[in-house]
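S.K.: starting from these lines, generate the structure:
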Amino acid sequence: MRMYLRIVNDSIAQAWGQMVGNKLRTFLSLLGITIGIFCIISVLSSVESLEQNIRSSFERLGDDVLYVNKFPWAEDPGMNYWKYSRRPNLDYSDYQAVHTRMQTAGSASLSTTVGMRTLKQGGNNTRAFVIAVTERYEDILSIELEDGRFFTLMEHQQGTPRAVIGYDVAENIFVGRDPIGQTIKMGGLAVQVIGIIQRSGNDLINPVNFDRGVLITHNFGRRIANLNATSYFGTQLIVKAGDEVSIEDLRDELTSTLRAHRRLKPLEDDNFSINELSLLTNILNNFFGILNLVGIVIGGFAILVGIFSVANIMFVSVRERTNIIGIKKALGATRSVLLFEILLESIILCLIGGIIGLLFVFGALQLIGHFLEFEMILTFRMIFWGVSLSVLIGVLSGIIPAFVAAKMDPVKAIRG
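M.R.: This next block holds a predicted model:
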């Protein structure tokens with residue numbers, strides 16, 4: 001053990017001597033390793049950060065929720081547009097059928113996008129998208145409030161002119177004043193603000209971003225707009241599974257309930273689409289897989305150059321120490337000891353280049369995160385892969401020079 005510790009110490013000293021004694025050569029040799037590690041780890045870390053950000057947005061909606069729309073999420077809307085556009089719009093009767101008949105549904109809600117409306121309060125006004133919703137909408141989508149409350153059951157049933165507004169909407173028209181209990185004008189009607197939705201934050205993709213939105217009850221929405229009018233993704237029926245109910249069982253009962261309600265014959269196709277978030281995550285998996293592959297290919301070329309560069313510096317190092325290697329072998333140094341020594345020196349050089357690359361990755365991610373305004377992180381897993389890759393590069397770069405040194409004839413080596 002003491003012998004190997006001495007070898008490690010000597011290898012570190014020799015690696016440092018190579019770097020100090022041949023600065024330009026060392027810089028050019030390690031540049032490929034640094035660039036390669038930077039390219040691979042920066043791309044993989046960026047993709048991982050983006051993926052975590054997007055997935056966390058979807059996870060807040062839960063994996064036990066189904067979304068009924070006219071159009072399927074898994075298809076390009078333009079391919080079969082006329083087929084799907086001829087489907088009947090989702091309406092309140094569909095919601096009632098699901099709400100009253102289904103046994104596997106824990107809760108259900110209907111949401112209809114009324115559209116952009118101008119909101120006025122005093123001398124201030126702003127544009128916001130208005131969504132009319134039924135009961136339990138906020139529970140299913142896990143919407144949190146900054147202040148105030150959601151609608152009561154009576155307000156839903158009576159269509160009381162109440163509104164829950166987004167954070168940015170409150171900031172724009174109330175400018176530092178408390179909006180709760182205040183009245184805003186929407187389409188000439190006075191609407192009382194009862195709640196403020198918590199700010200959505202800086203997620204890259206936020207499927208429930210209500211910062212510039214306004215929620216009203218479905219029955220009140222019917223007073224200010226034709227909610228049965230044809231719309232693309234305007235109306236959506238959201239169904240959440242009950243306790244200990246699988247998503248497959250929920251889908252089966254939801255399909256049969258809607259088919260029965262719409263009186264579809266057994267051989268007729270469904271005239272609605274049932275979607276779930278896994279469809280979107282599968283698409284994201286393919287997208288992120290391509291990005292990872294691009295990063296690996298780009299970094300791979302840089303690392304290939306780095307391997308040859310470090311191999312070259314190791315060949316030069318072995319040639320410069322030919323006499324020393326011959327003396328070590330004459331004194332009893334075995335091939336395995338010399339092999340270990342040269343390999344360790346190569347690994348140390350590559351680790352230095354890899355660590356420099358990881359430092360550049362950390363700085364780049366912080367810079368990107370600052371401009372994109374969401375967190376970009378260098379995870380321990382990425383650091384582990386960066387260090388492991390550096391070690392692998394060191395082994396590949398030093399294996400041939402190490403074998404050359406280990407096979408040297410001691411007499412010829414001492415003569416030089």
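S.K.: show me the helices in the stretch 101-250 of the chain, by range?
M.R.: Per DSSP state H, counting those that start in this stretch, the stretch 101-250 of the chain carries helices over the ranges 137-140, 153-158, 167-174, 218-224, 247-261.
S.K.: and these as a markdown table, adding distance to Val98 and mean pLDDT?
M.R.: Backbone N, C-alpha and C define where each C-beta goes, glycine included. Below are the helices of the stretch 101-250 of the chain laid out as a markdown table (distance: least, C-beta to C-beta, whole Å; pLDDT from 0 to 100):
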| stretch | distance to Val98 | mean pLDDT |
| --- | --- | --- |
| helix 137-140 | 12 | 88 |
| helix 153-158 | 16 | 92 |
| helix 167-174 | 30 | 89 |
| helix 218-224 | 14 | 89 |
| helix 247-261 | 6 | 93 |
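S.K.: roughly how far does Thr183 sit from Met382?
M.R.: 52 Å (C-beta to C-beta, to the nearest Å).
S.K.: what's the answer for Gly115, then?
M.R.: Gly115 is 44 Å from Met382, by C-beta to C-beta.
S.K.: and those two? Which one has more around it.
M.R.: Met382 (21 against 12; other C-beta atoms under 10 Å).
S.K.: so the more buried one makes contact with Ser45?
M.R.: Yes: at 4.8 Å, Met382 counts as touching Ser45 under the criterion of C-beta atoms under 8 Å.
S.K.: what's the overlap in contacts for these two?
M.R.: The contact sets of Met382 and Ser45 overlap at Val361 (C-beta atoms under 8 Å, 6 or more residues apart in numbering).
S.K.: extract the C-alpha set from stretch 336-351 and format it as PDB.
M.R.: Provided in PDB are the C-alpha atoms of stretch 336-351 (Å, rounded to 0.1, in the frame of the first residue of the first chain):
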ATOM      1  CA  SER A 336       2.400  -3.200 -13.600                       C
ATOM      2  CA  VAL A 337       4.000  -0.500 -11.400                       C
ATOM      3  CA  LEU A 338       5.200   1.400 -14.500                       C
ATOM      4  CA  LEU A 339       1.900   0.900 -16.200                       C
ATOM      5  CA  PHE A 340       0.000   2.200 -13.200                       C
ATOM      6  CA  GLU A 341       2.300   5.200 -12.900                       C
ATOM      7  CA  ILE A 342       1.900   6.400 -16.500                       C
ATOM      8  CA  LEU A 343      -1.800   5.700 -16.500                       C
ATOM      9  CA  LEU A 344      -2.300   7.600 -13.300                       C
ATOM     10  CA  GLU A 345      -0.300  10.600 -14.700                       C
ATOM     11  CA  SER A 346      -2.600  10.600 -17.800                       C
ATOM     12  CA  ILE A 347      -5.700  10.400 -15.600                       C
ATOM     13  CA  ILE A 348      -4.500  13.300 -13.500                       C
ATOM     14  CA  LEU A 349      -3.900  15.500 -16.500                       C
ATOM     15  CA  CYS A 350      -7.400  14.700 -17.900                       C
ATOM     16  CA  LEU A 351      -9.000  15.300 -14.500                       C
END
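S.K.: next, count neighbours for Leu31.
M.R.: By other C-beta under 10 Å, neighbour count at Leu31 equals 17.
S.K.: which is the next helix or strand following the host helix or strand of it?
M.R.: Using DSSP states H and E, Leu31 falls within helix 23-59. Later in the chain than helix 23-59, the nearest helix or strand by DSSP H and E is strand 65-69.
S.K.: ok now that next one, how far from the chain's centre?
M.R.: 22 Å (C-alpha atoms, centre = their mean, to the nearest Å).
S.K.: give the pairing partners of that strand; include direction for each.
M.R.: As defined by DSSP bridges, the strand partners of strand 65-69 come to strand 235-241 (antiparallel), strand 273-275 (antiparallel).
S.K.: for these, which one ends up most surrounded?
M.R.: strand 235-241 (a mean of 23; mean count of other C-beta atoms under 10 Å).
S.K.: contacts for that one, please.
M.R.: 62, 64-70, 89-91, 94-95, 98, 102, 104-113, 137, 139-141, 227, 247, 249-250, 254.
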